[in-house]
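Novice: can't give you the sequence, but here's the structure:
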């Protein structure tokens, strides 16, 4: 196994800037058996409890927040995504224009966090977003399967970064994880982290394939120990993708990691979040599970393609008083 990631500096938000883990955590990754003991020593997840809490929080509001604030916050957290085999440069240019100005008729609408594309379309996204603060995220490491040799995965990352990606969304080797080869998964993440350079790394766990909440907790900690800036639920290609209970477990992991290290890492919920009602439920979970500090695009993201349209319609409804879409969670 490789050594734990070392401290780096970048222009990133200081809450997410990478740093070497404390000595006690770095020691946990010195070999496979030590890492395994730590991961299996994590508290087990009470499945009934986490599902009940997720259902309960889904009915609650974000304290002291207005509906418009919640919608604008969700817009700022969107990674506007297109990951189809039929993607074209023209589609990406259109997506970039929408990311910069989600509602051209209303200049007060905030930009999204990032545009997420395949590596070969990164340069197109970079050109379309030039002069804006919108990031360019690229999936890599043989997305979505992760079934490739490490040199191929690293070349994928290098291509994306060379083209101008500011964020890289990698997928873990779920086969290796599920067969207990945690050291291999750790080493791949650390190698990808190094290949990212200044680009931020989001580690996709593909929770729909991990089967249990305990596995989600172990995979979350493994990714955090290996240097992931974000842990991400899914590729959006597997069902189930993001769910509230799984996101709760991941939020608990970044909260507990912060309590132990002083370092804040982010969570990205991706796949299946399509309307404002669902998005606000996730914001409630972020506030109640991780804390108010995580209600920022530097620490929480939505991976989505259709969600933005509903957020914009709900935003118009706040000003114009009508909307034909689904009702949303009350935010007082």
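Specialist: The structure has been received and is ready for your questions. All values reported here derive from a predicted model rather than from experimental measurement.
Novice: Quick check: buried residues in whichever strand or helix holds residue 24?
Specialist: Take DSSP states H and E as the rule and residue 24 turns out to sit in helix 23-28. Neighbour counts over helix 23-28 (16 or more other CB atoms under 10 Å) mark 25, 28 as buried. Every C-beta, even on glycine, is put in place using the N, C-alpha and C of the backbone.
Novice: Tell me the helices and strands packed up against it.
Specialist: helix 32-41 (3 or more CB pairs under 8 Å, 6 or more residues apart in numbering; DSSP states H and E).
Novice: what pLDDT, on average, does the helix it packs on get?
Specialist: Average pLDDT, helix 32-41: 95.
Novice: try stretch 55-67
Specialist: Rounded mean pLDDT across stretch 55-67 is 71.
Novice: which residues touch the closest residue in space to residue 297 that isn't next to it in sequence?
Specialist: Spatial nearest neighbour of residue 297, excluding adjacent residues (CB to CB, 6 or more residues apart in numbering): residue 113 at 4.3 Å. Residue 113 makes contacts with 76, 77, 78, 79, 134, 135, 297, 301, as judged by CB atoms under 8 Å, 6 or more residues apart in numbering.
Novice: Residue 208 versus the second one, what's the distance?
Specialist: So the one you mean is residue 77. To residue 208, residue 77 is 22 Å away according to CB to CB, to the nearest Å.
Novice: The first one too?
Specialist: Plainly put, residue 76 is 27 Å away from residue 208 if you go by CB to CB.
Novice: Okay, residue 26 and residue 225: tell me how far apart.
Specialist: 9 Å.
Novice: Assign the residue nearest the centre of the chain to helix, strand or coil.
Specialist: In the chain, the centroid-proximal residue (CA atoms, centre = their mean) is residue 268; its distance is 2.1 Å. Secondary structure, DSSP: H, G, I helix; E, B strand; the rest coil: residue 268 is strand.
Novice: and if you look at residue 201?
Specialist: Residue 201 ends up strand, using three-state DSSP.
Novice: How about the contacts made by it?
Specialist: 167, 168, 170, 189, 192, 193, 227, 228, 229, 230.
Novice: Just confirm the third one is within a strand.
Specialist: It refers to residue 170. Yes. Counting by three-state DSSP, residue 170 is found in a strand.
Novice: Next, the contact list for it, please.
Specialist: 139-141, 143, 146, 153, 157, 189, 192, 201-204.
Novice: could those go into a markdown table alongside pLDDT, secondary structure and distance to residue 313?
Specialist: Putting the contacts of residue 170 into a markdown table (pLDDT from 0 to 100; DSSP: H, G, I helix; E, B strand; the rest coil; distance: CB to CB, whole Å) gives the following:
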| residue | pLDDT | secondary structure | distance to residue 313 |
| --- | --- | --- | --- |
| 139 | 97 | strand | 28 |
| 140 | 95 | strand | 33 |
| 141 | 96 | coil | 35 |
| 143 | 96 | coil | 30 |
| 146 | 93 | coil | 36 |
| 153 | 97 | helix | 39 |
| 157 | 97 | helix | 36 |
| 189 | 97 | helix | 38 |
| 192 | 97 | helix | 37 |
| 201 | 97 | strand | 33 |
| 202 | 98 | strand | 28 |
| 203 | 98 | strand | 32 |
| 204 | 98 | strand | 29 |
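Novice: ok, so of these, who is nearest residue 70?
Specialist: residue 202 (23.3 Å; CB to CB).
Novice: one step back: residue 77 and residue 208: which is more packed in?
Specialist: residue 77 (30 against 20; other CB atoms under 10 Å).
Novice: mind checking how far that one is from residue 265?
Specialist: Residue 77 is 15 Å from residue 265, by CB to CB.
Novice: roughly how far out does the least confident helix or strand in the chain by mean pLDDT sit from the chain middle?
Specialist: Taking mean pLDDT, DSSP states H and E as the measure, the chain has helix 23-28 as its least confident helix or strand, at a mean of 78. Put simply, helix 23-28 sits 25 Å off its chain's centre (CA atoms, centre = their mean, to the nearest Å).
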